[in-house]
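Enquirer: need coordinates for the following:
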Amino acid sequence: VRGVHVALAGDRRHIEGLLASLNSIVRGTRSPSRLCVHIFCLDEELSGLKAAMHCSFKSRISQVAENLKLDFLLDGTAVRMHVFNTTEVLSEELAVHDDVLTEAGDLNAPHNFVRFHLAEWV
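Expert: Coordinates of the predicted model:
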């Protein structure tokens, strides 16, 4: 039973950090069969993210089933890819005011707002 769920989201600028986090999570667990890592991305990012994952993890990835093309195992840890639309997560009520500046990047990037929908999507 996969009782531990981890959610990750990041745009193209954060793909290296996302992959490093995924690797750390998978390598650092004693029970990979208990984990399910959910990765959230926009539709236009999916192919690039999948290519980066296959390049980074190569033979460590195994497909779970043909009909579940977005699911795979990474060293025994289940990885589930979730595609979302910007309109699903962004709203005027949640938007960060334009006057707020940050070195971390665009705080209004849709990936920052996935967390408000995790209960529905996971």
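
Enquirer: helix/strand/coil for the spatially most central residue of the chain?
Expert: In the chain, the C-alpha nearest the mean C-alpha coordinate belongs to Ile39, at 1.9 Å (C-alpha atoms, centre = their mean). Following DSSP: H, G, I helix; E, B strand; the rest coil, Ile39 is assigned to strand.

Enquirer: quick one: buried residues of the helix or strand of the chain with the lowest mean pLDDT?
Expert: Using mean pLDDT, DSSP states H and E, helix 86-89 stands out as the lowest-scoring helix or strand of the chain, at a mean of 76. Neighbour counts over helix 86-89 (16 or more other C-beta atoms under 10 Å) mark Val89 as buried. C-beta: built from backbone N, CA, C; applies to glycine.

Enquirer: got it, and stretch 73-93?
Expert: Quick answer for stretch 73-93 (16+ other C-beta under 10 Å): Leu73, Leu74, Thr77, Ala78, Val79, Arg80, Met81, His82, Phe84, Val89.

Enquirer: now do the helices in this protein.
Expert: 15-27, 43-57, 86-89, 118-121 (DSSP state H).

Enquirer: out of the ones you listed, which comes closest to Leu8?
Expert: helix 15-27 (5.5 Å; C-beta to C-beta).

Enquirer: so where's the chain shaky on pLDDT?
Expert: Scanning the chain for pLDDT under 70 picks out 1, 64-70, 90-108.

Enquirer: what residues are up against the residue nearest to Gly17 when sequence neighbours are not counted?
Expert: Distance criterion C-beta to C-beta, 6 or more residues apart in numbering; nearest residue to Gly17, sequence neighbours excluded, is Gly10 at 6.4 Å. Applying C-beta atoms under 8 Å, 6 or more residues apart in numbering, we find Gly10 in contact with Gly17, Leu18, His111.

Enquirer: give the contact list for the second one.
Expert: Meaning Leu18. For Leu18, the contact set (C-beta under 8 Å, 6+ apart) comprises Leu8, Ala9, Gly10, Ile39, Leu49.
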